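1. attaching a predicted model along with its sequence, questions to come.
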Amino acid sequence: MPSYTFRCNDCGEFTLFFKSMAGNKEKSTCPICQLESNRVYFAPNVYSLSRALSSQIEKGMEPQIMSREQLGTNKPRKKAGANRPWQFG
């Protein structure tokens, strides 16, 4: 759903959402004062990651091979006791 921001001289900026991108969206009427408003254009939201950060992210996605020593020892689990008196078994 495309959204366009317009600026009214009296009320300020407002955003409208449209079902399609068809049509001329250069001007629109302000929903508050009904005056004709012009569209506001913003710079695209483009950014790039540093090479070190992107490699760290990609490295985190790879599965790691670990030895038994790295995993630690198996500790026996305690058996869950009956916390409710009507449960037994």
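-> Thanks, I have the structure now. Quick caveat, the model's predicted, so the values are computed rather than measured. Numbers count the residues shown, from 1 in each chain.

2. when you work out contacts or count neighbours from here on, use the C-alpha atoms and nothing else.
-> Will do.

3. mind naming the longest helix for the chain?
-> helix 51-61 (DSSP state H).

4. what's the mean pLDDT across whichever helix or strand comes after it?
-> Remark: after helix 51-61, the chain's next helix or strand is helix 68-71, criterion DSSP states H and E. Averaging pLDDT along helix 68-71 yields 82.

5. again with stretch 29-39
-> Here the average pLDDT along stretch 29-39 is 92.

6. list the contacts of it.
-> 4-11, 14, 25-28 (CA atoms under 8 Å, 6 or more residues apart in numbering).

7. likewise stretch 54-67?
-> In contact with stretch 54-67 (CA under 8 Å, 6+ apart) are no residues whatsoever.

8. before we move on, back to that, of the contacts of stretch 29-39, the lowest pLDDT goes to which?
-> Per-residue pLDDT puts Lys25 lowest of the contacts of stretch 29-39, at 85.

9. now do the contacts for Thr73.
-> Thr73 touches nothing, counting by CA under 8 Å, 6+ apart.

10. any idea how far Leu49 lies from Ile65?
-> Look at Leu49 and Ile65: by CA to CA, to the nearest Å, they are 27 Å apart.

11. which of the contacts of stretch 29-39 are buried?
-> The neighbour count (16 or more other CA atoms under 10 Å) marks 4-8, 14, 28 as buried among the contacts of stretch 29-39.

12. of all these, which comes closest to Asn74?
-> Among the buried ones among the contacts of stretch 29-39, Tyr4 lies closest to Asn74 (CA to CA), at 58.1 Å.
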